[in-house]
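[1] only geometry, no sequence info:
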């Protein structure tokens, strides 16, 4: 006979964060950072906007890091605020550490996708690539995790925010559909990675 510890609840299949207050504080802190950056940008005469992603330019490659923190004015930031807060909060269901990894994946895939395929001689800024990535992550994670509650939440998000996905297609001038598309692809990739990481090998029983 042998004894084994009681397995902990599978965090990868949660729908809401286990520590909602902590998750909310992280979301508020990130959102506040976006507003502080925009305030500094306005004070500097919008000079920070030039630090975004410049496609296929070595000098604009570091914009992959800075672009999601920059916005083309208060209206642009306000348009991104609610999606960023809602999707980021829900994406923390599996914990802050996993959310950081998911966000980093989306951040890099979206930014590098814009750098490789974006229109030449343009500068891309904004957190909408992150918003698209978190939304895509939330829409597919339940399928990868085989978790019905997450699939149900995905259906609710699809009804409420599904129209937003049209932004991942070309057509609207001045909108970086590449950031949206690659952000969504980054979210799907992050969900796949997270699901694989959450699957642990079974512990063999001992007589």
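    Sure, I can see it. These numbers were taken from a predicted model, which means no experiment stands behind them. Residues are numbered from 1 along each chain as shown.

[2] how about the helices of the chain, start to end?
    Remark: helices assigned in the chain by DSSP state H are 20-43, 63-66, 74-90, 96-117, 128-145, 148-161, 177-198.

[3] give the buried residues for the fifth one.
    By neighbour count, and taking 16 or more other Cβ atoms under 10 Å as the criterion, the buried residues in helix 128-145 are 128-142, 144-145. The C-beta positions use only the backbone N, C-alpha and C, and glycine is treated the same way.

[4] could you do the second one as well?
    Within helix 63-66, the residues that count as buried by 16+ other Cβ under 10 Å are 63-64, 66.

[5] of those residues, closest to residue 194?
    Using Cβ to Cβ, residue 64 comes nearest to residue 194 of the buried residues of helix 63-66, at 21.7 Å.

[6] the closest one and residue 164, how far apart?
    Remark: distance between residue 64 and residue 164 (Cβ to Cβ, to the nearest Å) = 23 Å.

[7] what number of residues lie near residue 25?
    Residues near residue 25, counting by other Cβ atoms under 10 Å, number 11.

[8] go on, residue 53?
    31.

[9] which residue, other than its chain neighbours, is closest to residue 176?
    Spatial nearest neighbour of residue 176, excluding adjacent residues (Cβ to Cβ, 6 or more residues apart in numbering): residue 124 at 4.6 Å.

[10] could you verify my assumption that that neighbour touches residue 116?
    No: if you go by Cβ atoms under 8 Å, residue 124 and residue 116 don't touch, sitting 11.8 Å apart.

[11] which residues are in contact with both of the two?
    residue 55 (Cβ atoms under 8 Å, 6 or more residues apart in numbering).

[12] which one's more surrounded, those two?
    residue 124 (27 against 11).

[13] do you know the pLDDT at residue 171?
    Looking at residue 171, its pLDDT is 81.

[14] show me the contacts for it.
    In this structure, residue 171 makes contact with residue 177, judged by Cβ under 8 Å, 6+ apart.

[15] any regions of this structure where pLDDT drops low?
    1-10, 198-207 (pLDDT under 70).

[16] returning to that earlier point: just put the helices of the chain in CSV and tack on distance to residue 12.
    Converted to CSV, the helices of the chain look like this (distance: least, Cβ to Cβ, whole Å):
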stretch, distance to residue 12
helix 20-43, 16
helix 63-66, 28
helix 74-90, 14
helix 96-117, 8
helix 128-145, 5
helix 148-161, 9
helix 177-198, 3
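
[17] quick check: which of the ones you listed is buried the most?
    Among the helices of the chain, ranked by average contacts under mean count of other Cβ atoms under 10 Å, first place goes to helix 128-145 (a mean of 25).

[18] can you tell me how far the nearest residue in space to residue 137 that is not next to it in sequence is from residue 136?
    Among residues not flanking residue 137 along the chain, residue 187 sits closest, at 3.7 Å (Cβ to Cβ, 6+ apart). Computed as Cβ to Cβ, the residue 187 to residue 136 distance reads 3 Å.
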